[in-house]
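Visitor: structure, please.
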Amino acid sequence: QVQLVESGGGSVQPGGSLRLSCAASGSIFRIYLMGWYRQAPGKQRELVATLNTGGTTTYADAVEGRFTISRDNAKDTVYLQMNSLKPEDTAVYYCYADIVIRTMQDLVRGYWGQGTQVTVSS
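Guide: Next up is the predicted model:
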């Protein structure tokens, strides 16, 4: 069993900052890609940022230059530093990871966190 648990969401004024964290736990053998997605009310879930084991990052155009994704492999944790937040960043943010579990080492499976709310409003 694998769990991804997000933290760090909340409410902030435009121009403010938040840092999201997502810790993976359970019977983990290896973690490959880790990333963040978000879903605003009435919209589809969309990619925010990803980071692979080689250090390559991908960002949505809407957050490029404002958000930074990083990870601590020793802690199986991925972070999202969000600066210069805008009202349009308001959404539920979901953590994602491609994980191989110890009992099935020939299978890579995608896992999602439960989501954390980020609200940007004056």
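Visitor: which stretches in this structure count as strands?
Guide: Using DSSP state E, the strands of the chain run over 2-7, 10-12, 18-26, 28-39, 46-51, 57-59, 67-72, 77-82, 91-101, 104-112, 116-120.
Visitor: looking at these, which has the lowest confidence?
Guide: Lowest mean pLDDT within the strands of the chain: strand 104-112, a mean of 92.
Visitor: where's the most far-flung residue of the chain relative to its centre relative to residue 33, distance?
Guide: Of all residues in the chain, the one whose C-alpha sits farthest from the chain's mean C-alpha position, using CA atoms, centre = their mean, is residue 103 at 25.2 Å. Computed as CB to CB, to the nearest Å, the residue 103 to residue 33 distance reads 21 Å. Backbone N, C-alpha and C define where each C-beta goes, glycine included.
Visitor: circling back to that earlier point, spatially nearest residue to the residue farthest from the centre of the chain (excluding sequence neighbours)?
Guide: residue 27 (6.5 Å; CB to CB, 6 or more residues apart in numbering).
Visitor: ok, the one you found - how many residues close by?
Guide: 12 (other CB atoms under 10 Å).
Visitor: and residue 105, by the same measure?
Guide: Neighbourhood size, residue 105 [other CB under 10 Å]: 10.
Visitor: can I assume it is in contact with residue 99?
Guide: No: using CB atoms under 8 Å, residue 105 makes no contact with residue 99, being 11.1 Å away.
Visitor: quick check: bridge partners of the residue nearest the centre of the chain?
Guide: Centrality entry for the chain: nearest residue to the mean C-alpha point is residue 36, 2.7 Å, by CA atoms, centre = their mean. When bridges are called by DSSP bridges, residue 36 pairs up with residue 49, residue 95.
Visitor: equivalent analysis for residue 70, please.
Guide: Each beta-bridge partner of residue 70 is listed here: residue 79, as defined by DSSP bridges.
Visitor: picking up where we left off before, residues contacting the residue nearest to the centre of the chain?
Guide: 20, 22, 48-50, 69, 78, 80, 93-96 (CB atoms under 8 Å, 6 or more residues apart in numbering).
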